[in-house]
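Trainee: Curious how this folds, go ahead:
(2 chains)
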Number of protein chains: 2
Amino acid sequence: MAALGLVSMRLCAGLMGRRSAVRLHSLRVCSGMTISQIDEEVARLLQLKAQLGGDEGKHVFVLKTAKGTRDYNPKQMAIREKVFNIIINCFKRHGAETIDSPVFELKETLTGKYGEDSKLIYDLKDQGGELLSLRYDLTVPFARYLAMNKITNIKRYHIAKVYRRDNPAMTRGRYREFYQCDFDIAGQYDAMIPDAECLKLVYEILSELDLGDFRIKVNDRRILDGMFAICGVPDEKFRTICSTVDKLDKLAWEEVKKEMVNEKGLSEEVADRIRDYVSMQGGKDLAERLLQDPKLSQSKQACAGITDMKLLFSYLELFQITDKVVFDLSLARGLDYYTGVIYEAILTQANPAPASTPAEQNGAEDAGVSVGSVAGGGRYDGLVGMFDPKGRKVPCVGVSIGIERVFSIMEQKAELSSEKVRTTETQVLVASAQKNLLEERLKLTAELWNAGIKAEVLYKKNPKLLSQLQHCEDTGIPLVAILGEQELKDGVVKLRNVASREEVDVPRAELVDEVKKRTS
Amino acid sequence: MAALGLVSMRLCAGLMGRRSAVRLHSLRVCSGMTISQIDEEVARLLQLKAQLGGDEGKHVFVLKTAKGTRDYNPKQMAIREKVFNIIINCFKRHGAETIDSPVFELKETLTGKYGEDSKLIYDLKDQGGELLSLRYDLTVPFARYLAMNKITNIKRYHIAKVYRRDNPAMTRGRYREFYQCDFDIAGQYDAMIPDAECLKLVYEILSELDLGDFRIKVNDRRILDGMFAICGVPDEKFRTICSTVDKLDKLAWEEVKKEMVNEKGLSEEVADRIRDYVSMQGGKDLAERLLQDPKLSQSKQACAGITDMKLLFSYLELFQITDKVVFDLSLARGLDYYTGVIYEAILTQANPAPASTPAEQNGAEDAGVSVGSVAGGGRYDGLVGMFDPKGRKVPCVGVSIGIERVFSIMEQKAELSSEKVRTTETQVLVASAQKNLLEERLKLTAELWNAGIKAEVLYKKNPKLLSQLQHCEDTGIPLVAILGEQELKDGVVKLRNVASREEVDVPRAELVDEVKKRTS
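Mentor: Numbers count the residues shown, from 1 in each chain, chains lettered A, B, ... in the order given. The predicted structure is shown next:
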């Protein structure tokens, strides 16, 4: 117990030290800690206690994955594979190459790229050598890659896991380890053409994933900045007001206004002026109207953004996707590095969403999260230049598909559906009804493997025919190749259709072709 | 400079502390540090100096990936995709499902599983919450997964990156972040049937990867232990003598003997007795001979291993793969958790191997590494039980394909080959020879995308025809769909074959079918 006391003291000291590194948005209790912090610390103390021997002095092992992470079981993997195939197919249809980067970067590479979200970065322990952090997204490693290899033109996709020490809400697809599927176009091109392709791509992916109806909101950071300027927001408050505006998809205007006035120090009139703009939605027509707006048209920045928006919509018309794209002045996006067009796709149809657990409801900042957002992105023309020794810029625009939410929906769909998800692709099970035929079964299985047939055989000397058929039922194997003394003598194999139970003798030499024919 | 001084002091203190955590196999210099440690610290100090402002007080950014890691460029990704497809196809042919696990585990999950290699585990920084480490292999997470989900039967593959703070030798495919492709069969089955399938699988994968000739060495931990016992090795020295024996693939017997006698304290006679056994190689015949060995046959353990080896070879005969499998009593394998059959595949044909860099030669332990080893595995019947609260055992056998070495060979082959590696799959570029046809190009491109054709269009308002054709040459796009005023008027598209330069007018309505036909 003395040892446990020491650990607790160390932990308390540690807690004081890291207070500043944890999100403090949620409900405070009197000690100054949030409920989720307390939960986390209790779990940690119990884990340590278990390691130290628990109450009975016995080692109790904690059998779990790290907080906010999960394993994928074979069924989930089958769904994941299907989703990835659809997305990769879309990426390839648009002529993208693919790259990969290490899961960790030099800590310094990530520094100063994510604004206040930086506190959510996972750092590696200093074990000597370089200081490292897990990647927070795929965009910063991409920019580092371009600068490092002096690449000025590329269209690439990258599908990989990223890491954020955020408050997880796993039933709604919010994890600490999660996949991003990124598609980016880097290069100096004529305005809005690659930007329009990104939107077309999102449209295709969401349509093909068949997740129900969706909308893609678009806006431009330059329009937001110009709007803030003419409304009377001081320059230094642009970014912070931007993130307040970003909350409009989950909070009512009155609450957003309260934050602007009470927390961020804007006057009521400035807030009301902002309101008039951020409530605007439309298409090309809105861009045309805003160009006539007596105040907004005075901002050079805003005009550049609106003119580009008009151009963008003319390309979206050619792509025939304007039915689902909305020019929405309230769209702001969180990340610091965007410089032009920004967009976000949301699912508008109710999808089966399981009730959140009480633990998740504790995180107050979670409650309002728009779970419908499945893709986002924009233009970031300055990021590569931050890595280039000479500051050479490479304009970039890209989109990231938030795939975990998609997995959640697909998994729920699969559960509700009567159709069974197969987790293997086995075409035929090599079986026998009689004893002492293991050698013959192994020989035939090897023949099938060598011919490229996906085949299984049970690892028992004398399995019962019933358990062999049951294995086929359980895993969806459509065919059984049954061997017996008589079949061996006749040079045939009894081929059984598992579903129809029909059996037919097939000459052994023709078995491969017959299996191929029946499973093609 | 004061700040820099402080940092250096901190670093020195850190160095003292972590000395024990670093491999000390290589050449020592008088200060007690190895050359590679010094190199690493110098690099680290220079990086910190750069961060602090360097000589001119200016921030100099270090543009690199973390030590021992690399990006994959599109060409490398194309090769990686090809290799994975071959391997996954083999896994699926054998009826395997797939799972995935998080990149980090609770630190405790990895504790006590890797023997002295544990010092190579990457830990995450303590940022509050659980203590985490990056996975070191895929086997321990698999065992944790089985115990956690109470799974007693599964055949699964898992392809993912693992992490080891080892001395990298990147030109020879040794990285700190590297892929493993694991295939494992868990479950209580009749002896040697799943074990034989693992060997058949390795045989198929290495044959299909077409890496030249190979051998698969097999042995059994029980034979090794029995052999050590009858040779007179004390029980507590079994594991350490095992790792000395493991060096026989890179060191001459005399050196191995020296280590046994001088470092591990065996007598000369005991070492000589071991020699008589470990120099033995053969097949089923060797197993039969060893069963008659007057001394070895006294060991119950050894007899069980040899009997299983005989059975294994009888199954390998049915699978017709005995031509490349060798029963080799010198095979020991490093990892602690093996309990039965062990195996390792090596490439026997000289492959193009670039000269190692001087920096790599510094690491003395590197020099002798058998770069030919591309797969390894064995039976580990006790690992799952280590995670189960009640110690319930799940017997497992598996194999891990060391894919980085395969990538290296494939990349070198691709470089030597005249055939160009395509990094995209684009079927057709939509182009124009005249000005002001951007809208028409975009419209046609969208038509092709909507029909599932992989199509690209240059992001320029008025690109030159030559630069459009050049893009096709550069990236291997086989077809160009050319639009002009005349074509638009006639309702046709000029379809050009890039290689032959032939052009033919295709009615617009037939373009999709024509592209499909020509690129199928």
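Trainee: got any ranges where the stretch 251-400 of chain A has weak pLDDT?
Mentor: Applying pLDDT under 70 to the stretch 251-400 of chain A flags residues A:350-371.
Trainee: Please, where are all the helices along it?
Mentor: Secondary structure of the stretch 251-400 of chain A, counting by DSSP state H, counting those that start in this stretch: helices at A:253-258, A:268-278, A:284-292, A:300-318, A:358-362, A:364-367, A:383-387.
Trainee: looking at those, which is closest to chain B?
Mentor: Set against chain B and scored by Cβ to the nearest Cβ, the helices of the stretch 251-400 of chain A come closest in helix A:300-318, at 4.6 Å. Just so you know, the C-beta spots here come from the backbone N, C-alpha and C atoms, and that holds for glycine as well.
Trainee: near chain B, anything from the closest one?
Mentor: Yes. Counting by Cβ under 8 Å from any Cβ of the partner chain, chain B has neighbours in helix A:300-318: A:315, A:318.
Trainee: coming back round to it: could I get the helices of the stretch 251-400 of chain A in JSON lines, plus columns for mean neighbour count?
Mentor: Listed next are those as JSON lines, based on neighbours: other Cβ atoms under 10 Å in any protein chain shown:
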{"stretch": "helix A:253-258", "mean neighbour count": "15"}
{"stretch": "helix A:268-278", "mean neighbour count": "18"}
{"stretch": "helix A:284-292", "mean neighbour count": "16"}
{"stretch": "helix A:300-318", "mean neighbour count": "20"}
{"stretch": "helix A:358-362", "mean neighbour count": "14"}
{"stretch": "helix A:364-367", "mean neighbour count": "16"}
{"stretch": "helix A:383-387", "mean neighbour count": "20"}
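Trainee: now those helices in JSON lines, with distance to residue B:115?
Mentor: JSON lines is the format used below for the helices of the stretch 251-400 of chain A (distance: least, Cβ to Cβ, whole Å):
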{"stretch": "helix A:253-258", "distance to residue B:115": "57"}
{"stretch": "helix A:268-278", "distance to residue B:115": "61"}
{"stretch": "helix A:284-292", "distance to residue B:115": "66"}
{"stretch": "helix A:300-318", "distance to residue B:115": "60"}
{"stretch": "helix A:358-362", "distance to residue B:115": "38"}
{"stretch": "helix A:364-367", "distance to residue B:115": "43"}
{"stretch": "helix A:383-387", "distance to residue B:115": "41"}
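Trainee: and residue A:229, which of the ones you listed is closest to it?
Mentor: Among the helices of the stretch 251-400 of chain A, helix A:300-318 comes nearest to residue A:229, with 7.4 Å by Cβ to Cβ.
Trainee: Run the chain-centre distance for the closest one.
Mentor: Taking Cα atoms, centre = their mean, to the nearest Å, one finds the center of helix A:300-318 at 29 Å from the center of the full chain.
Trainee: Of the helices of the stretch 251-400 of chain A, give the one that comes closest to residue B:94.
Mentor: helix A:358-362 (40.3 Å).
Trainee: The helix or strand hosting residue A:195 packs against which elements?
Mentor: Under the criterion of DSSP states H and E, residue A:195 resides in helix A:193-209. The contact analysis (3 or more Cβ pairs under 8 Å, 6 or more residues apart in numbering or on different chains; DSSP states H and E) places helix A:193-209 against helix A:74-93, strand A:177-186, strand A:214-220, helix A:300-318, strand A:341-347, strand A:373-379, strand A:396-402, helix B:438-450.
Trainee: From the contact counts, what lies against the very next helix or strand once past the third one?
Mentor: Read that as strand A:214-220. As assigned by DSSP H and E, the chain's next helix or strand after strand A:214-220 is helix A:221-231. Counting contacts by 3+ Cβ pairs under 8 Å, 6+ apart, helix A:221-231 is packed against helix A:238-245, helix A:268-278, helix A:300-318.
Trainee: What are the contacting residues of the last one?
Mentor: Right, the one you point to is helix A:300-318. With Cβ atoms under 8 Å, 6 or more residues apart in numbering or on different chains as the test, helix A:300-318 has contacts from A:191-193, A:195-196, A:199-200, A:218, A:220-223, A:225-227, A:229-230, A:283-284, A:287-288, A:290-291, A:296-297, A:322, A:325, A:327, A:340-341, B:439, B:442-443, B:446.
Trainee: Just the buried ones among those residues, please.
Mentor: Neighbour counting by 16 or more other Cβ atoms under 10 Å in any protein chain shown classes A:191-193, A:195-196, A:199-200, A:218, A:220-223, A:225-227, A:229-230, A:283-284, A:287, A:290, A:296, A:322, A:325, A:327, A:340-341, B:442-443, B:446 among these as buried.
Trainee: for the helices and strands packed on helix A:193-209, which one sits closest to residue A:487?
Mentor: Taking the helices and strands packed on helix A:193-209 one by one with Cβ to Cβ, helix A:74-93 is closest: 32.6 Å.
Trainee: and the very next helix or strand once past that closest one, what's its mean pLDDT?
Mentor: Note on helix A:74-93: by DSSP H and E, the next helix or strand toward the C-terminus is strand A:97-98. For strand A:97-98, mean pLDDT is 98.
Trainee: Tell me if strand A:97-98 is near chain B.
Mentor: Yes. Strand A:97-98 reaches chain B (Cβ under 8 Å from any Cβ) through A:97, A:98.
Trainee: That strand - contacts with which helices or strands?
Mentor: Helices and strands touching strand A:97-98, by 3+ Cβ pairs under 8 Å, 6+ apart, are strand A:154-163, helix B:74-93.
Trainee: again, only using 10 Å
Mentor: Helices and strands touching strand A:97-98, by 3 or more Cβ pairs under 10 Å, 6 or more residues apart in numbering or on different chains; DSSP states H and E, are helix A:74-93, strand A:154-163, helix B:74-93.
Trainee: So which of those is the most surrounded?
Mentor: strand A:154-163 (a mean of 22; mean count of other Cβ atoms under 10 Å in any protein chain shown).
Trainee: got any ranges where chain A has weak pLDDT?
Mentor: A:1-61, A:350-371.
Trainee: How about the contacts made by residue A:117?
Mentor: Counting by Cβ atoms under 10 Å, 6 or more residues apart in numbering or on different chains, residue A:117 touches A:23, A:136, A:137, A:164, A:166, A:334, A:335, A:336.
Trainee: Could you grab the helix/strand/coil label for it?
Mentor: For residue A:117, the assignment made with DSSP: H, G, I helix; E, B strand; the rest coil gives helix.
Trainee: Distance of it relative to residue A:337?
Mentor: Distance from residue A:117 to residue A:337, counting by Cβ to Cβ, to the nearest Å: 11 Å.
Trainee: Next: residue A:167.
Mentor: Taken as Cβ to Cβ, the span from residue A:167 to residue A:337 is 23 Å.
Trainee: ok so, going back, mind checking the helices and strands packed on strand A:97-98 for the one nearest to residue A:466?
Mentor: Across those, residue A:466 has its closest neighbour in helix A:74-93 (23.9 Å, Cβ to Cβ).
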